[in-house]
Each structure stands twice: as C-alpha cells, then as structure tokens.
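Asks: sequence below, structure please.
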Amino acid sequence: MLGRLILPRFQLLTRMAGSTPPKRSPLWIGTHNGTFHCDEVVACFMLKQLPEYENAEIFRSRDDKQLREKCDIIVDVGGEYDHGKKWYDHHQKTFGETLSSIRPEVSEEFNVIRLSSAGLVYSHYGERVIQSILQKERGIQLSPQNLKLAFIQIYRNLISELDAIDNGVPMFEGGEPVYKISTHLSARIGKLNPSWQETSVDIEQRFSQAMEVAGREFVQNVIEVSCSWIAARDYVREALENAKSVYPSGEILVLKTFCPWKAHLADLEKEYKVEGVPKLVVFNDGTSWRVAGVPVSPSSFVGRKFLPTPWRGLRDEELSKKAGVEGLVFVHHSGFIGGAKSEEAALSMAKKSIEWSEE
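Replies: Predicted coordinates for the structure are as follows:
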C-alpha cells in the first residue's frame, strides 16, 4: 500500500502556545497553531521524510519567541525566510521568491508563482525527500538526471498548485493557465479543519490526519512520476532519436508499446532542437496499431499533419483500397487518428500520409 512505510511513522505530538514543549525528541518542527492550511501540512510531511526530522515532534504556536527558542526548523510562521537559520515563512511583504529564483537552474516557466511554505521547503529539500520516499517505498534510487526531471515534474504536478492557491495567484493571465488544479488537495485539507459548529474537536488530531491525507497524495505523486512518467519520457526519447531510421525526414515516430507521449514529445523536441518536425506517431495500443497526428501543443486538437481527407471516415476494405495499403482498419472522420492490423500497415499509412499533399 502506498505510504505504508511512511504514514505510520508520524509521531505527531503538538503543544498549543503558552506551554513549553519538553525535549522529548531530538528535533522540533515549528508551525502556526489554529486553522491549518495545505502548505504547512505538506511542508511538515516533507520534512518528516528526511532522516534528521523523521522522529521530530511538531510544535504549533504563533508565539515567535517560543518557536525560535524551542524549534530547530520553522515553517509558515515567524515572519522571516532564512535558509541558513531554517526559517521558512512567506507571509512578509518583502518575500517574493519563486522556484526559479531559489533554483535558477530550472526554467523561467517557474518564475511566476510566489512560493508558499510548501514550495520553500520543496525548493531546498525536494530532491532528498523524493529519494527518501523512493528508497522506503520501492527500494530504488534515481540517477541525477532523472532526479532533476522528477523534482521539476512533481513541482509542476502538485506543489505549484499548493503555492498558487495559498498565495491567491489567478489561474489565468492570458490564454494559457499559469498553473493547473489536478489534485484539489488544498480543498480537501481545508475541510479537515473543525467547522464553526464543532467546538469539542481536537484540532491537533485533525492536523495529524491532514498530514496523513497530504502524505498519501505526495507519495503517490512521487511514485507515479519517478516510476511511470520518467519511463515514458525515456521511451519517447528513444523513439525521437530513432525517427530518421523510420523515415528520412524524422517526421514519423514509432512506439512499440503505447505510453503517454504528447507532453514528453513537446519537451524533447525543444531539447533536441527539432520543434515542429515530428508529424505522426505510430504505436501499438495493446489491441492494434494506430497512427496519430502530433498536436500543435499537448492539449490541442489541432494536428501538424492529419491523415488524408479522402481516407477519413472509411473502414476496412474500402479504406485499404482507397489508400492502397492492405490491412487498414479505420480513419477517424476528423483524420487525427487511424488504425491498422499490423505495424507494417500502420507504417505504410503513416508514410503515405506524410507524402500526401492536400489540394
């Protein structure tokens, strides 16, 4: 079960402001008390995946003096960001850090959303957190190159959403969304706070529950990205590198087994400086072979090259006769995809499509 090795290890002992936490553990993580939010919940979860904070207790208070005297690391409270001191608050007026300002080696794409405490902790400790989770859950370690890819993708998939929502960043500033909501984790964590009618609920217990919910989401994301997303990227990379052996212009890619390819191809085209060159992808979907047009962007329905107009909407023998290729199954009425009984037939369909000139 995901999180099996991690979630039971929470030893969350919290103290309200006004009571001094006894030194019952090697280290203390400090955050604010009262209503909790997704960003500090995730920040605390991430820290507890690191060996040095694995057995740390959490002290929730808004008393800056007690926090600074008693805690070894402080998130989302305290009015200061100082990595050297291990203080990670983002509420002060002077704070304007983004992922790319702290990690300048990443794309300027990540210079728009102001970080929350989750983003701050992730910026400084994210790779170590990812490796720790993968070691505990799957007993694997990523290469430096793949760890960097996973770090960026997990920020894109999960952490950027938390940062943006916590900071009230508008989703749209023009045609394309600045970020995407894919988990609704902030809303789910928010609902774990006691309602106005719940007067006898132990909020510290709810905070512990929130960490478990957030932890499962985080672990699932790490495993999906590290064990599936990266494998798909490597597979698409191999197809792109071999494209000219399939067709001299490099316009046709072949994937022997289907995997999610559109977003990977868009990124890899930039890396290999062949943007716009691939036009069609041939793949086996597990039941038959397909020929699909490469969209102008991963989410677009507009293709760079679709299958010829005279073939569209035809099936089986009628299609095979019209195209002059045996073993074809169908072409969608819009032309964005077609099917064939064999790899050879699909490749012939793709090559004829590349060479076809629409009137």
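Asks: would you confirm that residue 209 contacts residue 191?
Replies: No: Residue 209 lies out of contact with residue 191 (CB atoms under 8 Å); the separation is 10.8 Å. Bear in mind the C-beta positions are built from the backbone N, C-alpha and C, glycine included.
Asks: more neighbours: those two, which one.
Replies: residue 209 (15 against 10; other CB atoms under 10 Å).
Asks: in space, what's closest to that one - neighbours in sequence excluded?
Replies: Of all residues not flanking residue 209 in the chain, residue 192 sits nearest, at 5.8 Å (CB to CB, 6 or more residues apart in numbering).
Asks: and the strands in the stretch 151-300 of the chain?
Replies: 252-255, 280-284, 289-293 (DSSP state E, counting those that start in this stretch).
Asks: make TSV from these and add mean pLDDT, distance to residue 221 and mean neighbour count to it.
Replies: Below are the strands of the stretch 151-300 of the chain laid out as TSV (pLDDT from 0 to 100; distance: least, CB to CB, whole Å; neighbours: other CB atoms under 10 Å):
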stretch	mean pLDDT	distance to residue 221	mean neighbour count
strand 252-255	97	24	23
strand 280-284	97	26	22
strand 289-293	97	27	24
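Asks: how about these in a markdown table, adding distance to residue 51?
Replies: Shown next, in a markdown table, are the strands of the stretch 151-300 of the chain (distance: least, CB to CB, whole Å):
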| stretch | distance to residue 51 |
| --- | --- |
| strand 252-255 | 40 |
| strand 280-284 | 42 |
| strand 289-293 | 46 |
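Asks: report the contact partners of residue 259.
Replies: When contacts are counted by CB atoms under 8 Å, 6 or more residues apart in numbering, residue 259 touches 231, 232, 235, 236.
Asks: swap the cut-off to 6 Å and go again
Replies: Taking CB atoms under 6 Å, 6 or more residues apart in numbering as the criterion, residue 259 is in contact with 232, 235.
Asks: can you check residue 256 too?
Replies: Residue 256 neighbours (CB under 6 Å, 6+ apart): none.
Asks: please apply the same query to residue 341.
Replies: residue 327.
Asks: got the confidence number for it?
Replies: On pLDDT, residue 341 comes in at 96.
Asks: residue 201 now?
Replies: Model confidence at residue 201 (pLDDT) stands at 85.
Asks: can you check residue 107 too?
Replies: At residue 107, pLDDT is 89.
Asks: so how far is residue 292 from it?
Replies: 27 Å (CB to CB, to the nearest Å).
Asks: what is the least confident helix or strand in this structure?
Replies: helix 185-190 (a mean of 93; mean pLDDT, DSSP states H and E).
Asks: identify all contacting residues around that helix.
Replies: In contact with helix 185-190 (CB under 6 Å, 6+ apart) are residues 38, 41, 162, 165, 210, 217.
Asks: for stretch 181-196, buried residues please.
Replies: 183, 185, 186, 189, 190, 192, 193 (16 or more other CB atoms under 10 Å).
Asks: out of those residues, which is nearest to residue 310?
Replies: residue 183 (44.8 Å; CB to CB).
Asks: for that closest one, what are its contacts?
Replies: Counted by CB under 6 Å, 6+ apart, residue 183 has contacts residue 217.
Asks: mind giving me the packing neighbours of the helix or strand hosting residue 125?
Replies: Per DSSP states H and E, residue 125 falls inside helix 117-138. Secondary-structure packing of helix 117-138 (3 or more CB pairs under 6 Å, 6 or more residues apart in numbering; DSSP states H and E): helix 38-47, strand 87-88, helix 144-154, helix 203-224.
Asks: if we go to 10 Å?
Replies: helix 38-47, strand 73-75, strand 87-88, helix 99-102, helix 144-154, helix 160-167, helix 203-224 (3 or more CB pairs under 10 Å, 6 or more residues apart in numbering; DSSP states H and E).
Asks: still on that earlier bit, do you know how far the residue nearest to residue 209 is from residue 208?
Replies: Taken as CB to CB, the span from residue 192 to residue 208 is 10 Å.
Asks: now residue 274
Replies: Residue 274 is 50 Å from residue 208, by CB to CB.
Asks: next one: residue 345
Replies: 58 Å.
Asks: neighbour count winner among the two?
Replies: residue 345 (22 against 19).
Asks: centre-most residue in this protein?
Replies: Nearest to the mean C-alpha position of the chain, by CA atoms, centre = their mean, lies residue 157 at 2.5 Å.
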